[in-house]
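> 3D, please:
(2 chains)
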Amino acid sequence: MISQEELRAIFIEEATEIVEKLDVDIIRFEENSNDFELLNEIFRGVHTLKGNSNAFGFTRLGEFVHHFEDLLDYYRSTKERIEANNLELFVESVDVVKEVMECELNSIKELPRSYSVCLEKIKKLLDAKKNKNPSLIQSESREVLNNLALEFDELPLFPDEDTLEQSIKIHQAMQTEALNLYKIVLTLDGDCYKRGFDHFIFLKILGEQAKSLESFFSMKNVQTIEDFQSTQNSIDKVDIVALTPLVYGEVEEIFEFLFDHEYKITPIQAPPPPQKETEKEAETLFKSASNNNTEIVSNTNINAPKSTIRIDTYKVDELFDSVGELVIAQNFIAQNREIRSIENETINRTIEVLSKITKKIQDRVMSLRMVAIKDTFEKMKRVVRDTSKKTGKEIHLIIQGEDTEIDKTMIDSLSDPLIHIIRNAIDHGLESCGDERVSIGKSAEGTLTLRAFHKSGNIVISVSDDGRGINKERVFKKAIERGIVNEGENLTDSQIFALIMQPGFSTAEAISDLSGRGVGLDVVKTSIEKLRGKIEIESKEGEGTTFSIILPLTLAIIDGMLVQVGNETYIIPTLCVVESFRPEKEIVHIVKGKGEFVTLRKECIPIVRLSEVFNLDIAKSEPWENILVCVETDSGRIAIMIDELLGRQQVVIKTLGKSLSKVKEISGGAILGNGDIALILNVDALRPQSETSHVRD
Amino acid sequence: MKIDGDVLTIDLNLSMDEIVTLEEFIRPRIEYIERIETEDGSVLSSSALLSLLVSIKKTRPQIEIPFLEKEQTISFSYGTVHWTYHD
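Residues are numbered from 1 along each chain as shown, chains lettered A, B, ... in the order given. So this is what the prediction gives:
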């Protein structure tokens, strides 16, 4: 059995999921308010939320969603066209649900003002509608609600035979070889209490071993107080559904002191092997089970075509770490000279098999953390809608690649940066009004494209607008005014665009509450960098701007280029490597007071000697005697001087201790296949100080 | 059991004797009680008490009994229990 705490955790998780879905669905519905299937879907979410909220004592939330549900029910029953202002009320209601849920979960006594305002609006609207259609008042009967629930394939509010059947179906889907399912009917005699039996006693005994237990009390024979006696049982029937490891004989033993006519135990068989078409249904059953606070168990039933289990992300992280260690150990074996020198075919083949299996496990464990970006993109529809309303700009949103998968940890941290970029694109990127767009030959409606795709082993999420584009001269001028760059500095287009992400930079003429405070894009940049990603900006004046967020596939493993300097090995994240080369003597220059530079395709790139950065005790050599690795940093390209390129490898990132974590030139460490430790370079911190004039700390 | 004005607060975990006492207390006062609340954290552990609450509600539907109106309770010991108090 699951504890109250676990139940609460399940409630929070499920309620959050419901609310997030509501947020998305309500915007989809706003786009097409004739989609009554979608309205049913919304109703279903609100209905489940109501039941769950009340069951957990969150009565204020329960009260609000109860009225909201009534309103949704009115429209879904009448199929009446929803007026624009009432659609707005739907959206407002979802906002209130979110706010009230926060209050409930954090035990905040004072509700937001919007609670009573919105509730009043709902009640008024419902009253007005009912006065117009008085027949609807009577329709709020038990029968109607049951039919509704049946239609939505979930447990109805008022339990009856159908509810019981639903419960059995749900539990059937949870059956495993080790878990038996029973339907038990108790029809205890009127004197059962006097004999020392209470229905709850049997529930308690069953519950001690059951994985899941659900019961339905029929109270229709309970009399009013005049004819009622507490000592006399008036409950005519209790149906119990128990999923338990107990075998039939053990269950029967629990009821052995009752009369034979007072109980009936029926073992329920596992469902027949499902066909492909039933896959969706099975998923629905699991969802339904979850919606009813029933504990989800690992489904190892071979009959179930597809099942899901909820696993604590902490456990997945632990598994991830262990696989990281496994990869290191496997690399050690594969690269160890002594082991490799063993001339034994069996051992060599075993090492090869081990290598393949390790890779397979690594891939599968990595895939556990991967989730489609679809939900995040769906949430952005709301952001676009709200920003569009606030700015009065008509926007057509295009979403592409929503099935692209991304690490769950990154998904959670991606929403805020995306929201900011989208708001920024609408507020500043697009022209101020439709007329302005039409006057330059564009459509009145602005287009915003949200896209996710894989590129060179990374995930790219881009936000493109077809607006004004960035005015390079204006950005550069502003950067000089703000002291971010020096006048006369020679910057590439991408370097100029990158300036708008510097702290304190804003070219907005008027500050709006959406963006333009100059504190936004630098925060976005920092957030993305925390995910070990980067942002690239492309823009063409008059045509539009694209912000591309480039992220690694995962946070735990990095694709790195191993380089050697003296006896030390370093790792450069391949994400930022542009190219590596041995320079000719003629293209290396020394600028007095500024250090060494290499000219690469007319670009003057500063050279960074790792031996100097880390004070390595090695003889000084010339750049043309070494290899330069050209990398992209925050403030432009640099050429890192190394002795040798050792190769490219995926390494498991290890965090450094407190003392080393203060060294800004290092972002982490990794254990190599031969057991050696290599430091991962933070290339953004490598640029010589004299060259970082336009980068603030 | 605690009565504060017209609000009665009860523990849900009552023995049979306590349920009978509660019934005897409520019977003559049913017209004056407006709301029956339950103590935080108490868990329903008897079908006799559930029956009594249903009986009260059937007698005077205007009495507010939030616990009963939820029509379900979930607990560690007894699993998910559903009921209906309507005829």
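> is the lengthiest helix in chain B in proximity to chain A?
Identified as the longest helix of chain B according to DSSP state H is helix B:47-59. Yes - interface with chain A: helix B:47-59 contributes B:S47, B:A48, B:L49, B:L50, B:S51, B:L52, B:V54, B:S55, B:I56, B:K58, B:T59 (Cβ under 8 Å from any Cβ of the partner chain). Using the backbone N, CA and C atoms, a C-beta is placed for each residue, glycine as well.
> how about the residue of chain B found nearest chain A, what does it touch?
Closest to chain A within chain B is B:G79: 2.9 Å, counting by Cβ to the nearest Cβ. Residues in contact with B:G79 (Cβ atoms under 8 Å, 6 or more residues apart in numbering or on different chains) are A:M1, A:L203, A:L206, A:G207, A:A210, A:S212, A:L213, A:E214, A:S215.
> wait, A:I535 touches A:T546, no?
No - checked against Cβ atoms under 8 Å, the pair A:I535 and A:T546 is beyond contact range at 10.6 Å.
> show me which of the two is the more surrounded one.
A:I535 (20 against 17; other Cβ atoms under 10 Å in any protein chain shown).
> so that one, which of the three states?
At A:I535 the chain is in strand, as set by DSSP: H, G, I helix; E, B strand; the rest coil.
> state the pLDDT value of it.
In this model, A:I535 is scored at 89, pLDDT.
> now do the contacts for it.
Applying Cβ under 8 Å, 6+ apart, the residues near A:I535 are A:M501, A:V524, A:K525, A:I528, A:F547, A:S548, A:I549, A:I550.
> check which helix or strand the second one maps to.
By that I understand A:V524. helix A:521-530 (DSSP states H and E).
> and that helix, what's buried?
A:L521, A:D522, A:V524, A:K525, A:S527, A:I528 (16 or more other Cβ atoms under 10 Å in any protein chain shown).
> check stretch A:257-266 too.
Here stretch A:257-266 shows A:L258, A:Y263 as buried, counting by 16+ other Cβ under 10 Å.
> pretty sure A:T404 contacts A:N458?
No - if you go by Cβ under 8 Å, A:T404 and A:N458 don't touch, sitting 11.3 Å apart.
> name the helices or strands packed onto the longest helix of chain B?
Taking 3 or more Cβ pairs under 8 Å, 6 or more residues apart in numbering or on different chains; DSSP states H and E as contact, the helices and strands that helix B:47-59 lies on are helix B:16-26, helix B:66-69.
> please repeat the previous calculation with a cut-off of 6 Å.
helix B:16-26 (3 or more Cβ pairs under 6 Å, 6 or more residues apart in numbering or on different chains; DSSP states H and E).
> following element in sequence after the helix it packs on, please.
For helix B:16-26, the succeeding helix or strand toward the C-terminus, using DSSP H and E, is strand B:35-38.
> what about chain B, any weak spots by pLDDT?
Residue ranges of chain B with pLDDT under 70: B:87.
> nearest spatial neighbour of the residue most central in space within it, skipping sequence neighbours?
By Cα atoms, centre = their mean, chain B has its centre lying nearest to B:L53, at 4.0 Å. Spatial nearest neighbour of B:L53, excluding adjacent residues (Cβ to Cβ, 6 or more residues apart in numbering or on different chains): B:L68 at 4.8 Å.
> what's around that neighbour, how many residues?
20.
> excluding sequence neighbours, find me the nearest residue to the residue of chain B closest to chain A.
Using Cβ to Cβ, 6+ apart, the nearest residue to B:G79 is A:L213, at 2.9 Å.
> doesn't that neighbour belong to a helix?
No - checked against three-state DSSP, A:L213 lies outside a helix; its state is strand.
> beta partners for it?
Judged by DSSP bridges, the bridge partners of A:L213 are A:A242.
> could you report the pLDDT at it?
At A:L213, the model reports a pLDDT of 90.
> likewise for A:N303?
Looking at A:N303, the pLDDT reads 40.
> buried stuff in stretch A:538-549?
So for stretch A:538-549, counting by 16+ other Cβ under 10 Å, buried means A:E538, A:S539, A:G544, A:T545, A:T546, A:F547, A:S548, A:I549.
> tell me how many other residues crowd A:E177.
Residues near A:E177, counting by other Cβ under 10 Å: 9.
> if I look at it, how far off is A:V247?
12 Å (Cβ to Cβ, to the nearest Å).
> and what of A:L499?
From A:L499 to A:V247 the distance is 73 Å (Cβ to Cβ).
> these two - which one has more neighbours?
A direct count of neighbours by other Cβ under 10 Å for A:L499 and A:V247 places A:L499 higher, at 25 against 10.
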